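K.L.:
sharing a model that was predicted from the sequence below.
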Amino acid sequence: MEKINIAIDGPAAAGKSTVAKKVAEALHYTYIDTGAMYRAATYLALKNHANLDDEREILALLKQAPISLSYTDDAQHIFLGEVDVTDAIRTDDVSNNVSLVATHKGVRREMVKIQRELIKQAGVVMDGRDIGTHVIPDAAVKIFMIASVDERAERRYKENLAKGYEADLEAIKADIRQRDKIDQEREVSPLVKASDAIELDTTSQSIDEVKNEILAIVKEKVN
Ligand SMILES: Nc1ncnc2c1ncn2[C@@H]1O[C@H](COP(=O)(O)OP(=O)(O)OP(=O)(O)O)[C@@H](O)[C@H]1O
Ligand SMILES: Nc1ccn([C@@H]2O[C@H](COP(=O)(O)O)[C@@H](O)[C@H]2O)c(=O)n1
């Protein structure tokens, strides 16, 4: 079967990464989590006590510790220079600041450059906020994945509990609303559904139902 590129965009905790990984596994495609790249940039800035409003400072730090991805056992690992930060980028501190860092035009330019390098060979499932609108505008399949704020907060709440983290449902709901607002209202590459994207509301769907729906869309496109 011919290999294509699949873009999956949507707001926080809609289920993008979980489903994208399963779709990539089913198709023997490469899964690329672009959120991890913005998280890595944020982690680097926080670790260096940088001013998150100062784009030049963040870019200078990234020059010294460039972002790179590697894949072991089909799992994506993200590095800053030689340091594997795959786990370190998932803290609340990073989650609470990443959307601010992601508003910087220059930071986005650098991330998109890396992302476009990764799609030179088709057979990629890439998730994020601007994949179908900016990174891969000619993606053969574009999914805009949504779910209600309550459902997304519930999912993140259960996820945090399962990981043994403290979890406060109302605080998670507020964080999701805040991140969505910043992502949707920023000037550069805002989170918006591409005109040719298929919207999937996963509020009442299981992970496998969403995965199978996307696989059916891909099958129809490729055959
Ligand atoms: N359809 C679904 N039904 C129930 N739980 C789901 C569904 N999709 C994803 N989940 C769960 O919701 C949580 C968040 O999913 P995931 O991290 O994939 O979302 P995301 O859109 O990538 O979030 P973010 O953009 O914030 O990284 C995970 O624990 C995942 O297992
Ligand atoms: N293509 C993208 C991907 C992510 N972002 C920003 O990063 C934040 C974290 O992303 P997660 O997928 O890990 O939640 C996200 O809220 C965006 O602010 C982006 O701008 N573009």
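P.N.:
Received, thanks. Ligands and ions are numbered 1, 2, ... in the order given.
K.L.:
what lines up beside the helix or strand bottoming out on mean pLDDT in the chain in the sheet?
P.N.:
Within the chain, no helix or strand scores below strand 67-72, which has a mean of 90 by mean pLDDT, DSSP states H and E. With DSSP bridges as the test, strand 67-72 is paired with strand 75-80 (antiparallel).
K.L.:
re earlier: right, is the least confident helix or strand of the chain up against ligand 2?
P.N.:
No - against ligand 2, strand 67-72 shows no contacts by C-beta under 6 Å from any ligand atom, the least distance being 12.6 Å. C-beta here means a position set from N, CA and C on the backbone, and glycine is covered the same way.
K.L.:
buried residues in that strand, which are they?
P.N.:
For strand 67-72, the neighbour count (16 or more other C-beta atoms under 10 Å) marks 67, 69 as buried.
K.L.:
in CSV, list the C-alpha atoms belonging to it.
P.N.:
Only the C-alpha atoms of strand 67-72 are listed here, as CSV (Å, rounded to 0.1, in the frame of the first residue of the first chain):
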residue,chain,number,x,y,z
ILE,A,67,16.6,19.4,19.6
SER,A,68,16.8,16.0,18.0
LEU,A,69,14.5,12.9,18.0
SER,A,70,15.4,9.2,18.0
TYR,A,71,13.3,6.1,18.0
THR,A,72,14.0,3.0,20.1
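K.L.:
which residues does it contact?
P.N.:
30, 32, 36-37, 40-41, 76-80, 111, 114, 118 (C-beta atoms under 8 Å, 6 or more residues apart in numbering).
K.L.:
next: stretch 126-143.
P.N.:
Outside stretch 126-143, the residues that touch it by C-beta under 8 Å, 6+ apart are 4-10, 16-17, 20, 31-35, 102, 108, 112, 115-116, 118-119, 124, 144, 183, 189-194, 196-198, 200, 214, 217-218, 221-222.
K.L.:
just to revisit the earlier point, want to throw the contacts of strand 67-72 into TSV with distance to ligand 2?
P.N.:
TSV is the format used below for those (distance: C-beta to the nearest ligand atom, whole Å):
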residue	distance to ligand 2
Thr30	16
Ile32	10
Ala36	6
Met37	7
Ala40	10
Ala41	9
Gln76	12
His77	15
Ile78	11
Phe79	16
Leu80	16
Met111	7
Ile114	11
Leu118	12
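K.L.:
between these, which sits nearest Arg56?
P.N.:
Distance to Arg56, by C-beta to C-beta, is smallest for Ala41 among the contacts of strand 67-72, at 13.2 Å.
K.L.:
now the closest one: which helix or strand?
P.N.:
Using DSSP states H and E, Ala41 sits in helix 35-47.
K.L.:
any idea of the pLDDT on the closest residue to ligand 1 within the chain?
P.N.:
Per C-beta to the nearest ligand atom, Gly15 is where the chain lies closest to ligand 1, at 2.7 Å. On the pLDDT scale, Gly15 is placed at 97.
K.L.:
and the gap between it and Lys63?
P.N.:
Per C-beta to C-beta, to the nearest Å, Gly15 is found 34 Å from Lys63.
K.L.:
around ligand 2, pick out the residues from the chain.
P.N.:
12, 34-35, 38-39, 98-99, 102, 128-131, 179, 183.
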